[in-house]
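> quick one: sequence plus predicted model below, questions after.
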Amino acid sequence: MLSAVQELAVALTFPPTLSLCLLGCGILAWLLRRRRIGGGLMVFAFAWSLLWSIPWFSAQLRGSLARNNPVVAEAALPRADAIVVLGGGRYGNWMSRDSVDPDELKTSRLAAGARAWLAGRAPLIILSGGNGGGGRSEAEIMAAAIAKAGIPASALLLEEGSANTSDNARLTAALARKHGVRKVLLVTSTVHMPRASLLFRDAGIDVVPVPVPEGQLGKSWRERWLPSPYALWRSGRALKEYAALFAIHAQNFVDGHAEPVPTDSEM
């Protein structure tokens, strides 16, 4: 039951989906002669998606997720047993070049992981990402890409079975324990970091967040205030993170209050 509620909550985080649901409810209320309720729901449905399609509001929402994990220069990071880089990036800028300077790619997770390794923060890099159902795994693609930044294959461990962040945490934790890794520098986007670090800690890993910054919001009126599908998509991703965080805390609460299963000796 809780799983179904979680899936529904995540589905409704994309603003147009929630707006369509509210619009349908509003139309139904209007047809049932609940004009005030129906009109209010329809107005709210349009306003909800319009609000989150405005770049400034989208940036504020995403920034609220990043607030507790400020970006830190790699040289200032503590030492750890390994650097974990979560998949989800784009590698076109890597694969199209013979060599890559990680300092040029400030918003790349893979570049942040390479910079931390080159700064001597950890001896290993764990690349986490499955294949999504076919072809090479994302971890394998990441390994081919990061080699262009001068990272040797001997410094890499690949986790290739994950399909989502929960898998990233569970499977990477198992791989880490196998290699004696207890403390990691966790590299992912600023928006993804709260959920990812929580899941990794729940999996028993000591985590130091290494959030990768986003590009800056434009300064012109159009870049800040003109609604756009891209801003709406970015808002949806942030709202999904909030819904997923709520689901994790709810699951942890339920698990913490669940009755223990009796052993054979207690039955």
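Done, it's in. Numbers count the residues shown, from 1 in each chain.
> so for T190, what's the pLDDT?
pLDDT recorded at T190 is 94.
> wouldn't it be in contact with V212 here?
Yes - using C-beta atoms under 8 Å, T190 makes contact with V212 at a distance of 6.7 Å. From N, CA and C alone the C-beta is placed, and that goes for glycine too.
> mutual contacts of these two, please.
V71 (C-beta atoms under 8 Å, 6 or more residues apart in numbering).
> which one's more surrounded, the two?
V212 (24 against 21; other C-beta atoms under 10 Å).
> show me the contacts for the more buried one.
Counting by C-beta under 8 Å, 6+ apart, V212 touches 71, 107-109, 112, 187-190.
> in strands, which of those residues fall?
187-189 (DSSP state E).
> can you redo those as CSV with neighbour count and distance to G161?
Formatted as CSV, the ones in strands among the contacts of V212 follow (neighbours: other C-beta atoms under 10 Å; distance: C-beta to C-beta, whole Å):
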residue, neighbour count, distance to G161
V187, 30, 19
T188, 29, 18
S189, 22, 21
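> so where do the helices sit in this structure?
Secondary structure of the chain, counting by DSSP state H: helices at 2-11, 15-31, 35-52, 55-66, 92-95, 109-118, 138-146, 165-178, 193-202, 221-225, 229-257.
> and the second one, what's buried?
This points to helix 15-31. 15-16, 18-19, 22-23, 26, 29-30 (16 or more other C-beta atoms under 10 Å).
> just stretch 81-94 next, same as before
So for stretch 81-94, counting by 16+ other C-beta under 10 Å, buried means 81-87, 89, 91, 93-94.
> and that stretch, how far out from the chain's middle?
13 Å (C-alpha atoms, centre = their mean, to the nearest Å).
> what's the end-to-end length of it?
Distance across stretch 81-94, first residue to last, is 26 Å (C-alpha to C-alpha, to the nearest Å).
> now swap in stretch 202-217 and tell me
Stretch 202-217 end-to-end distance (C-alpha to C-alpha) = 33 Å.
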